[in-house]
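K.L.:
this is a predicted model, with the sequence first.
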Amino acid sequence: MVGIGIVLAVSAIYDSYALAGRVSAVLVVTSALTAPLIARLVDRHGQARVMFPTLVISGAGLSALVAALQLEAPEPVLYVTAVVAGVTGQFGSLVRARWSHLIKRDADAMHTAYSLESALDEVVFIVGPAAATLLATNVAPTAGIVVPLVSAVLGGTWFLLQKRTEPPPTPHHADAAGGSLVRLPGMLVLVVVFLALGAIFGATDVSTVAFAEEAGRKSAAGFILAVFAAGSLVSGLLYGARRWAQPLWARFGVGMVALAIGVSLFVLVSSLWMLAVVMFVTGFAIAPTLINGNGLVQEIVPRTRLTEGLTWVGTSLGVGVSIGSSIAGTRIDADGSHGGFLVVVVAGVAALVATVSALRPLRAGHRNRLADELAAGHRDDAPVRDTLEP
């Protein structure tokens with residue numbers, strides 16, 4: 001809700017979409033730079049100890065941004081408050097790290113848990129933007145920021161107070177894998193793939209709004225995007241209900257092929273109903289791909305730095321959304337919605353190429369992780385049967 005809430009509030013108060021995009025971009029870039037660092041501190045010192053201060057900082061920054069908007073403060077003030085608001089961790093990574101801690105080596109249960117999380121993410125993506133738009137247009141321009149601010153502070157506090165499920169911290173001297181995680185086999189290419197995935201989503205959002213506006217039904221854009229997310233929600237639940245024998249890297253590759261083919265069809269549609277149908281079907285490839293991507297992170301990175309690894313791909317996804325929406329917006333100004341959907345196609349091809357180039361290092365990272373755990377004496381053949389390659 002925060003990203004679209006900022007765009008709606010700034011554009012309504014300052015009558016400038018360009019300024020709205022810049023303020024939102026400042027927050028996204030700040031989050032991209034700080035989130036992995038915060039995640040590393042979380043792994044070393046614990047979730048509550050690190051995230052409570054971070055929650056206070058980001059909450060204060062977002063509150064200051066709301067106040068600055070209400071007072072129509074000068075442009076630099078908006079940037080400063082957006083920087084402070086962007087100093088935040090990713091609670092989605094914290095949740096997945098808790099599942100990993102609770103379930104440990106039970107691959108079946110982990111598959112179900114990650115599938116459930118991705119399905120719930122889709123519910124948020126359906127409800128959040130629509131709620132932010134409704135609040136900003138019917139209550140107050142800044143209401144689309146105030147509600148997620150309150151939600152983040154209250155929900156974040158409630159979450160961090162759950163001590164029973166919190167993973168134990170790993171002191172620096174106990175972390176055998178020093179240096180950046182992107183040096184591990186598979187991690188760098190996985191980050192690139194998620195960046196391209198985010199570009200697909202960001203460009204699709206903007207292009208769909210433009211397509212609906214050209215058809216004289218701009219209000220239908222929210223419904224079509226909700227259909228896109230609904231397809232992903234359904235597939236996430238179905239995917240999580242089944243056990244899969246194929247290794248994660250292979251499933252991830254198949255999912256990316258399906259997604260790239262699906263989004264390439266967007267540029268061919270000629271009506272809103274046709275777009276809705278194509279998006280619903282294509283949406284079935286989203287949740288399984290994200291589930292498998294997060295699962296691959298768990299296989300590649302050391303368990304002591306799981307939160308940091310999950311944050312890297314989550315941040316890449318968010319940065320990709322910002323890049324995709326920005327480039328698509330520029331092309332839409334020049335060539336209409338068709339130009340925006342061409343950006344979606346290019347992002348889909350880029351994601352597919354990155355995935356193909358990633359398969360070999362992903363297999364290497366998978367094997368290295370298994371070898372490390374076997375050497376450490378932590379193997380349990382029954383629970384990990386679905387993650388072992390034939």
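P.N.:
That came in fine, so what should we check first?
K.L.:
in what helix or strand does Ser115 lie?
P.N.:
Per DSSP states H and E, Ser115 falls inside helix 107-138.
K.L.:
next secondary structure after that helix?
P.N.:
Using DSSP H and E, the first helix or strand after helix 107-138 is helix 143-160.
K.L.:
next, the angle from that next one to helix 107-138.
P.N.:
150 degrees (axes from the mean of the first three to the mean of the last three CA atoms, to 10 degrees).
K.L.:
what's helix 143-160 packed up against?
P.N.:
Where contact means 3 or more CB pairs under 8 Å, 6 or more residues apart in numbering; DSSP states H and E, helix 143-160 is packed against helix 2-14, helix 47-70, helix 91-103, helix 107-138. All C-beta spots, glycine's among them, are computed from the backbone N, C-alpha and C.
K.L.:
looking at these, which is buried most?
P.N.:
Compared across the helices and strands packed on helix 143-160, helix 2-14 shows the largest average neighbour count, a mean of 22 (mean count of other CB atoms under 10 Å).
K.L.:
how about the helix or strand harbouring Val80: buried residues?
P.N.:
Secondary structure assignment for Val80, by DSSP H and E: helix 75-85. Counting neighbours by 16 or more other CB atoms under 10 Å, one finds that the buried residues in helix 75-85 are 77-79, 81-85.
K.L.:
export those residues as JSON lines, with columns for pLDDT.
P.N.:
Output for the buried residues of helix 75-85, formatted as JSON lines (pLDDT from 0 to 100):
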{"residue": "Val77", "pLDDT": "95"}
{"residue": "Leu78", "pLDDT": "95"}
{"residue": "Tyr79", "pLDDT": "94"}
{"residue": "Thr81", "pLDDT": "96"}
{"residue": "Ala82", "pLDDT": "94"}
{"residue": "Val83", "pLDDT": "95"}
{"residue": "Val84", "pLDDT": "95"}
{"residue": "Ala85", "pLDDT": "94"}
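K.L.:
that older thread, what does the helix holding Val80 contact?
P.N.:
With contacts defined as CB atoms under 8 Å, 6 or more residues apart in numbering, helix 75-85 is touched by 2, 6, 10, 19, 22-24, 26-27, 30, 57-58, 60-62, 64-65, 68-69.
K.L.:
try stretch 148-167
P.N.:
In contact with stretch 148-167 (CB under 8 Å, 6+ apart) are residues 1-2, 5, 46-48, 51-52, 55, 58-59, 62-63, 66, 91, 94-95, 97-98, 100-102, 128, 132, 306-307.
K.L.:
buried residues in it?
P.N.:
So stretch 148-167, judged by 16+ other CB under 10 Å, has buried residues 148-149, 152-153, 156, 159-160, 166-167.
K.L.:
can you tell me which of these is closest to Ala260?
P.N.:
Pro148 (31.5 Å; CB to CB).
K.L.:
can you tell me how far that closest one is from Leu310?
P.N.:
Counting by CB to CB, to the nearest Å, the gap from Pro148 to Leu310 is 21 Å.
K.L.:
and if you look at Pro74?
P.N.:
Pro74 is 38 Å from Leu310, by CB to CB.
K.L.:
of these two, who's got more company?
P.N.:
The neighbour count for Pro74 versus Leu310, taken as other CB atoms under 10 Å, is higher for Leu310 (24 against 9).
K.L.:
buried residues in whatever helix or strand that one lives in, which are they?
P.N.:
In this structure, Leu310 is located in helix 306-335 according to DSSP H and E. Across helix 306-335, burial judged by 16+ other CB under 10 Å covers 306-329, 331-332.
K.L.:
can you lay out the helices and strands packed on helix 143-160 as a markdown table showing distance to Ala230 and mean pLDDT?
P.N.:
Shown next, in a markdown table, are the helices and strands packed on helix 143-160 (distance: least, CB to CB, whole Å; pLDDT from 0 to 100):
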| stretch | distance to Ala230 | mean pLDDT |
| --- | --- | --- |
| helix 2-14 | 18 | 84 |
| helix 47-70 | 29 | 95 |
| helix 91-103 | 20 | 86 |
| helix 107-138 | 7 | 78 |
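K.L.:
what helices or strands is the helix holding Leu310 leaning on?
P.N.:
Using 3+ CB pairs under 8 Å, 6+ apart, helix 306-335 is in contact with helix 17-45, helix 91-103, helix 187-214, helix 286-300, helix 337-375.
K.L.:
so which of the ones you listed is nearest Leu275?
P.N.:
Per CB to CB, nearest to Leu275 of the helices and strands packed on helix 306-335: helix 187-214, 6.5 Å.
K.L.:
report all helices and strands that the closest one contacts.
P.N.:
helix 220-240, helix 248-264, helix 272-283, helix 286-300, helix 306-335, helix 337-375.
K.L.:
Phe201: which of these is closest?
P.N.:
helix 306-335 (5.3 Å).
K.L.:
tell me what angle the closest one forms with helix 91-103.
P.N.:
150 degrees.
K.L.:
what mean pLDDT does helix 306-335 have?
P.N.:
The average pLDDT for helix 306-335 rounds to 81.
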